[in-house]
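Participant: sequence first, predicted coordinates after that:
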Amino acid sequence: MSATSGARAAARDDRITMRFMAVPADTAAGGRSVAAGSVMEWIDKAGYACAVGWAGAYCVTAYVGNVRHRRPIAPGSLIEVQARIVYTGRTSMHVVVTVSSTDVNERLYTPATTCILVFVAKGADGRPTEVPAWKPVSRSDHKLAEGALERIESRAEIKRLMLEEDYTDASTAPRTTLRFLAPPGVVNFGGKAHGGTVMRWIDEAGYAVAAAWAKDGEDASAAIGVYSGGIHFLAPVVIGHLVDVDARIVYTSRHSMHVSTRVWTADPRTPEDRTLTTQCLSVFVVPGADGVAQPVPQWTPELSEDERLQEHVREIMALREEIVPIAASLTLEP
């Protein structure tokens with residue numbers, strides 16, 4: 001426990017650091033870098049460990065926001081993931097996570113990704129349970145707590161806007177749907193699929209639709225996720241249930257593809273009775289050999305639903321511009 005933690009809940013640590021090596025299975029298609037989905041799995045695991053350590057109870061991921069992949073992580077790198085509590089509500093904990101990496105021959109870690117997650121503690125009855133109040137002590141504590149509070153209103157508005165939109169088959173947008181059964185190997189301590197695993201599925205579906213759309217580019221197989229936001233976990237994914245990960249391009253800029261992904265689940269015996277479990281808006285680019293994002297084919301909506309969703313994405317983008325990114329240097333301060 002840090003030296004400044006005396007004012008915090010007794011015997012509870014408000015931060016955690018994980019270190020490990022990125023393995024070949026973490027590499028993105030094309031082999032140039034670690035997949036964004038792998039990074040999001042690490043983020044969720046570190047955030048979960050931090051939240052459980054503070055709450056002393058099982059926790060579920062409720063939200064992950066503004067995952068900005070500032071630079072690629074080389075395959076085989078040493079990884080450091082630092083997570084810290086920055087705000088608590090009655091049953092929730094806001095956790096900032098920073099992913100850094102270094103060459104295996106060195107020990108100079110450089111930040112690559114920073115984001116904020118919200119976890120909810122659950123009691124033995126499965127209902128939200130109160131968590132110990134966290135109070136900021138250090139300068140960075142106060143700054144991060146202020147940032148967490150500032151994001152609450154914007155996050156609620158983004159969630160409202162995303163939930164209000166309808167996605168039907170009345171669309172000609174580029175689209176990919178992955179369908180499979182949630183395997184036992186992804187089970188968490190609550191008997192459901194890990195939130196980090198769901199985020200990896202989202203990244204995989206987003207990659208599939210982005211690579212297919214940019215297939216005429218310099219190397220479309222190297223399409224990578226550079227941003228994921230508005231990841232709201234609305235319901236758990238039950239092991240053994242049917243999972244549909246539906247990703248469609250909703251907007252393109254000169255160098256980027258904006259992908260909306262929605263994860264649905266259903267009992268295999270009643271596949272038509274689906275539940276929306278997770279939603280996300282991601283941004284993919286195709287970097288050239290020099291690492292600079294290459295131009296991508298432009299998509300023009302033809303049907304009213306596609307036009308509406310494109311305007312929806314522009315509105316979300318404008319809201320995100322008002323959110324000040326969390327500085328990795330601040331998250332790494334004592």
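Facilitator: Great, that's in hand. Residues are numbered from 1 along each chain as shown.

Participant: what is the longest helix along the chain packed up against?
Facilitator: Taking DSSP state H as the criterion, the chain has its longest helix at helix 139-164. In terms of contacts (3 or more CB pairs under 8 Å, 6 or more residues apart in numbering; DSSP states H and E), helix 139-164 is packed against strand 58-69, strand 78-88, strand 92-102, strand 110-122, strand 224-233, strand 275-285, helix 304-321, helix 328-331. The way it works is simple: take the backbone N, C-alpha and C, and place the C-beta from them, glycine included.

Participant: those: which one's closest to A35?
Facilitator: For the helices and strands packed on helix 139-164, proximity to A35 was assessed by CB to CB; strand 224-233 is nearest, at 7.8 Å.

Participant: elements contacting whichever helix or strand comes after the closest one?
Facilitator: Later in the chain than strand 224-233, the nearest helix or strand by DSSP states H and E is strand 242-252. On a contact count with 3+ CB pairs under 8 Å, 6+ apart, strand 242-252 meets strand 175-181, helix 195-213, strand 257-266, helix 304-321.

Participant: partners of strand 242-252, with directions?
Facilitator: Strand pairing for strand 242-252, determined by DSSP bridges: strand 175-181 (antiparallel), strand 257-266 (antiparallel).

Participant: contact partners for K159?
Facilitator: 63, 230, 232 (CB atoms under 8 Å, 6 or more residues apart in numbering).

Participant: can you name the residues bridging to the last one?
Facilitator: Using DSSP bridges, the bridge partners assigned to H232 are Y63, Q279.

Participant: so of the strands paired with strand 242-252, which one's packed in deepest?
Facilitator: Mean neighbours per residue, mean count of other CB atoms under 10 Å, is largest over these for strand 257-266, with a mean of 24.

Participant: what angle do that strand and helix 195-213 make?
Facilitator: 130 degrees (axes from the mean of the first three to the mean of the last three CA atoms, to 10 degrees).

Participant: got the angle between strand 257-266 and helix 139-164?
Facilitator: Using the same axes, to 10 degrees: strand 257-266 against helix 139-164 is 70 degrees.

Participant: what's the average pLDDT for strand 257-266?
Facilitator: Mean pLDDT, strand 257-266: 97.

Participant: what angle separates it from strand 224-233?
Facilitator: Per the same axes, to 10 degrees, the angle that strand 257-266 makes with strand 224-233 is 40 degrees.

Participant: and strand 257-266, C-alpha only, in CSV?
Facilitator: The C-alpha trace of strand 257-266 is given here as CSV (Å, rounded to 0.1, in the frame of the first residue of the first chain):
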residue,chain,number,x,y,z
MET,A,257,-13.1,3.7,-40.6
HIS,A,258,-15.6,4.1,-37.8
VAL,A,259,-17.2,0.9,-36.8
SER,A,260,-20.3,0.3,-34.6
THR,A,261,-20.3,-3.1,-32.9
ARG,A,262,-23.2,-4.6,-31.0
VAL,A,263,-22.9,-8.0,-29.1
TRP,A,264,-26.1,-10.1,-28.8
THR,A,265,-26.6,-13.3,-26.9
ALA,A,266,-29.3,-15.9,-26.8
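
Participant: how far does it sit from the chain's center?
Facilitator: Per CA atoms, centre = their mean, to the nearest Å, the displacement of strand 257-266 from the mean C-alpha position of its chain is 13 Å.

Participant: how does the protein divide into domains?
Facilitator: Using automatic domain parsing, the domain parsing of the chain gives 5-152, 175-321.

Participant: let's have those domains in a markdown table, adding distance to I158.
Facilitator: Shown next, in a markdown table, are the domains of the chain (distance: least, CB to CB, whole Å):
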| stretch | distance to I158 |
| --- | --- |
| domain 5-152 | 8 |
| domain 175-321 | 5 |
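
Participant: got any ranges where this protein has weak pLDDT?
Facilitator: 1-11, 216-221 (pLDDT under 70).

Participant: follow-up on the earlier one: out of the strands paired with strand 242-252, which is closest to G126?
Facilitator: strand 257-266 (17.5 Å).

Participant: between the closest one and strand 275-285, how many degrees?
Facilitator: Using the same axes, to 10 degrees: strand 257-266 against strand 275-285 is 160 degrees.

Participant: now strand 257-266 against helix 304-321, angle please.
Facilitator: Calculated by the same axes, to 10 degrees, strand 257-266 forms an angle of 110 degrees with helix 304-321.

Participant: how near is G185 to T197?
Facilitator: As defined by CB to CB, to the nearest Å, G185 lies at a distance of 9 Å from T197.

Participant: more neighbours, those two?
Facilitator: When neighbours are counted by other CB atoms under 10 Å, G185 and T197 differ, and T197 comes out ahead with 22 against 9.

Participant: please name the nearest non-neighbouring residue to the more buried one.
Facilitator: V186 (4.3 Å; CB to CB, 6 or more residues apart in numbering).

Participant: quick check: the one you found touching A193?
Facilitator: Yes - contact criterion CB atoms under 8 Å: V186 and A193 qualify, at 4.8 Å.

Participant: what sits in contact with each of the two?
Facilitator: Here V186 and A193 have I239 as joint contacts, going by CB under 8 Å, 6+ apart.

Participant: for those two, indicate the residue with more neighbours.
Facilitator: Neighbour tally, V186 and A193, criterion other CB under 10 Å: the higher count belongs to A193, 26 against 17.
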